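[1] Quick one, fold the following:
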Amino acid sequence: MSLRQFARAAARRPARAAVAAAFAAAPAVPALAIVLPAGGPELTASITMSAFCALAAAVYLGLLRATDQARIAATRPEPVPTSRAGGLPAKKRRELERWESRLNHGWSTTAGAVLNGVVESKTGNYESQVKALAALCGHRAVRARRSPRTLEVDITIVSTLNLRGGTTSANEAEILAYRSAGLKVALVHHPVLDRAMDRPVEERIRDLIDGEQVVEVHPEDTVHCDLAIVRFPVALEKLMEDRPRIEAARTALLVNQTPFEEYGLTGGYGSAWSIRDVDRNVTEWLGPHTWYAIGPAVRDILRTHHAEEIAGIDLADDFWYETIDVAEWSPEQRRIRAEDEPIRIGRHSRDHITKFPNMAKRLRAAYPVAEDLEVHMLGGHKALLRILGSIPPGWTSHRFGTMSAVDFLGDIDVYAYFIDENLAEAFGRAPLEAMAAGVPCILPRSFAELFGDGAVYCEPEEVATHARRLAADPAYHAARAAAGLRVIHERFSPETLLHRVNGLGVACRPVSGAAAPKPELSESVLSLGGAR
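    Next comes the predicted model:
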């Protein structure tokens, strides 16, 4: 832009007209030196005036530019602080998430007070306040959509319904048995405080809820029933604050996990739950109740290691065995091994290191590999890597969830289940499922009282010998499979469960005795066809 164009543009703004004129004229002043006498006072004055005008113009234009920028900034909207969780320190974010989880899953009184304190804090982080307020609003909206109900049912089951292991399998089997007997069942989900609380109810349980015969109970509801069954005492150690009112004629607490995770010569270690806390909480909520061990292992541990704690507790003499329906576990297709094929030893379990022998030598002995033997596992892949470092040659390890347990059991010849020697296995759901699938089981002697003559018992080093005998003698193989199914019908069948609850005051349709299996079932077992 030429000097003249700049002067014209500046002159369009009245406020800049004077300084623009001075700026445009200032460079021409020294030209007077051509016509003025050299060294005269006129020349000195003209130079001074030129410098002064240029300086004044520069300063004034700078001020105007700053003023314009300030005006532009004033017209822009102020940035609104965001509520992105990423702006919070990781520790603070986890803390808020923990309180929000408690708010939504049973502990709203305590969690609501904490989150309200965050919202009302005058010195708190803005993003923390927004997150806490959103959690409170969401929780109140959910509660506002529900109306209190009064439910009349036959049985109420209180349990942690979002677990992925044996507890869910046991609950599912019992619900199916009660439903088949025409009973109405109410389900109360009691999560374990701060343990996978946001995990939804397992799909297998959710699919059984129809709102009529199987009903999900909300904290605002009142339930009347003949029998309340509490399974999984770990959860009841910390009683949730948001719980329905349950009025039951009788209450049974099923002890399906030992108070300590492992037991040794000096006692237990790895505390799982407190006997005194659970007894106090169940009494506070549901009133007087009877404790049932789910098998001999739990009973013996309670009497041996916790005698003082269970003093005064009504502990039943009989067991509340888990239930399994053979029809649900009979494979559609069953493996028929050719004579030249290796014997396939299998097992399935969740992926936890305690579900396997804790010494590599014993683990390899329990699951031997030879020219005539191969090992197939479903679940436990990570645990095996921790113990052995790698999956041995001759082993096939299927990750959990890659195939159904029923299909897996139908594709093996014998079933071997050996675990950490220090683990107090409360029951043994996995071998029970193998028996129901018609697979002969090889187990440690610790399971002998639970399964009776339904399995073969031995040390890990003897597994190979028993596996070869079962494979070499088809009649013996069939007899051991039939023995497992017979024990299931005597102790673990839906009919046996219904007899039990009937004796506790639940009026259900008459059920036949469970002392022996039906003749046609034994014949199908002996032919290895299974039952469906």
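
[2] Please count neighbours and contacts with C-alpha atoms only from this point.
    Fine.

[3] Mind checking the pLDDT average for stretch 425-442?
    In this model, stretch 425-442 carries a mean pLDDT of 92.

[4] start to end distance for it?
    End-to-end distance for stretch 425-442, by Cα to Cα, to the nearest Å: 16 Å.

[5] likewise stretch 446-454?
    End-to-end for stretch 446-454, by Cα to Cα: 13 Å.

[6] Could you check that stretch and say which residues are buried?
    By neighbour count on 16 or more other Cα atoms under 10 Å, the buried set for stretch 446-454 is 447-448, 450-451, 454.

[7] From the residues you listed, which land in helices?
    Of the positions in the buried residues of stretch 446-454, 448, 450-451 sit in helices, assigned by DSSP state H.

[8] Kindly reformat those residues as a markdown table containing distance to E332.
    As requested, these are exported to a markdown table (distance: Cα to Cα, whole Å):
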| residue | distance to E332 |
| --- | --- |
| A448 | 29 |
| L450 | 28 |
| F451 | 25 |
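
[9] between those residues, which is closest to R199?
    Distances from these to R199 were compared by Cα to Cα; the smallest belongs to L450, at 32.4 Å.

[10] so what pLDDT did the closest one get?
    pLDDT, L450: 94.

[11] try V29
    Looking at V29, its pLDDT reads 47.

[12] next one: I412
    97.

[13] OK, contacts around it?
    For I412, the contact set (Cα atoms under 8 Å, 6 or more residues apart in numbering) comprises 335, 344-346, 376, 439.

[14] out of these, which is most surrounded?
    Among those, V439 has the most neighbours (other Cα atoms under 10 Å), with 32 neighbours.

[15] That residue and V375, how far apart?
    Distance check for V439 against V375: by Cα to Cα, it reads 15 Å.

[16] Could you do P393 as well?
    Applying Cα to Cα, the value for P393 to V375 is 9 Å.

[17] quick one: which of these two has more around it?
    Higher neighbour count among P393 and V375: V375, with 24 against 9, using other Cα under 10 Å.

[18] Roughly how far does V456 sit from P474?
    From V456 to P474 the distance is 15 Å (Cα to Cα).

[19] what pLDDT does L64 get?
    For L64, the model assigns a pLDDT of 56.

[20] My error: substitute K131 in the last question.
    93.

[21] then stretch 153-166 to PDB, C-alphas only?
    What follows is stretch 153-166 as a C-alpha-only set of coordinates in PDB (Å, rounded to 0.1, in the frame of the first residue of the first chain):
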ATOM      1  CA  VAL A 153     -44.100 -65.300  46.000                       C
ATOM      2  CA  ASP A 154     -43.100 -68.800  47.100                       C
ATOM      3  CA  ILE A 155     -39.300 -68.400  47.200                       C
ATOM      4  CA  THR A 156     -37.000 -65.400  47.400                       C
ATOM      5  CA  ILE A 157     -33.400 -65.800  46.400                       C
ATOM      6  CA  VAL A 158     -30.900 -63.200  47.600                       C
ATOM      7  CA  SER A 159     -27.500 -63.500  45.900                       C
ATOM      8  CA  THR A 160     -24.900 -61.800  43.900                       C
ATOM      9  CA  LEU A 161     -26.400 -62.300  40.400                       C
ATOM     10  CA  ASN A 162     -23.600 -60.800  38.300                       C
ATOM     11  CA  LEU A 163     -20.900 -63.400  39.100                       C
ATOM     12  CA  ARG A 164     -19.600 -65.500  36.200                       C
ATOM     13  CA  GLY A 165     -18.800 -68.800  38.000                       C
ATOM     14  CA  GLY A 166     -20.400 -71.500  40.000                       C
END
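
[22] still on that earlier bit, any chance of the buried residues of stretch 446-454 in CSV, with distance to V278 too?
    Shown next, in CSV, are those (distance: Cα to Cα, whole Å):
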residue, distance to V278
F447, 27
A448, 30
L450, 25
F451, 29
G454, 34
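
[23] And the furthest pair within these?
    Among these, F447 and G454 lie farthest apart (Cα to Cα), at 10.1 Å.

[24] Show me where the stretch 301-450 of the chain has its strands.
    Counting by DSSP state E, counting those that start in this stretch, the stretch 301-450 of the chain has strands at residues 343-348, 373-378, 395-398, 414-416, 441-443.

[25] can I get those strands in TSV with distance to N358?
    Output for the strands of the stretch 301-450 of the chain, formatted as TSV (distance: least, Cα to Cα, whole Å):
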stretch	distance to N358
strand 343-348	16
strand 373-378	17
strand 395-398	18
strand 414-416	16
strand 441-443	16
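
[26] nearest to D314, of these?
    D314 sits nearest to strand 441-443 of all those, at 31.8 Å, using Cα to Cα.

[27] Packing partners of the closest one?
    If you count contacts as 3 or more Cα pairs under 8 Å, 6 or more residues apart in numbering; DSSP states H and E, strand 441-443 packs onto strand 414-416, helix 429-436, strand 456-457, helix 474-487.

[28] just to revisit the earlier point, what about V456 and P474, which has more around it?
    The neighbour comparison of V456 against P474 (other Cα under 10 Å) goes to V456, with 21 against 14.

[29] The more buried one bridge partners, please.
    Counting by DSSP bridges, V456 is bridged to I442.

[30] separation between it and H189?
    Distance, V456 to H189, using Cα to Cα: 38 Å.

[31] what do you get for S390?
    According to Cα to Cα, S390 and H189 sit 39 Å apart.

[32] repeat for G389
    On the measure of Cα to Cα, G389 and H189 end up 39 Å apart.

[33] other SSEs contacting whichever strand or helix holds W285?
    Per DSSP states H and E: W285 is located in helix 275-286. Applying 3+ Cα pairs under 8 Å, 6+ apart, one finds that helix 275-286 makes contact with helix 233-236, strand 245-255, helix 307-310.

[34] and N171, which of these is closest to it?
    Of all those, strand 245-255 sits nearest to N171, with 11.3 Å by Cα to Cα.
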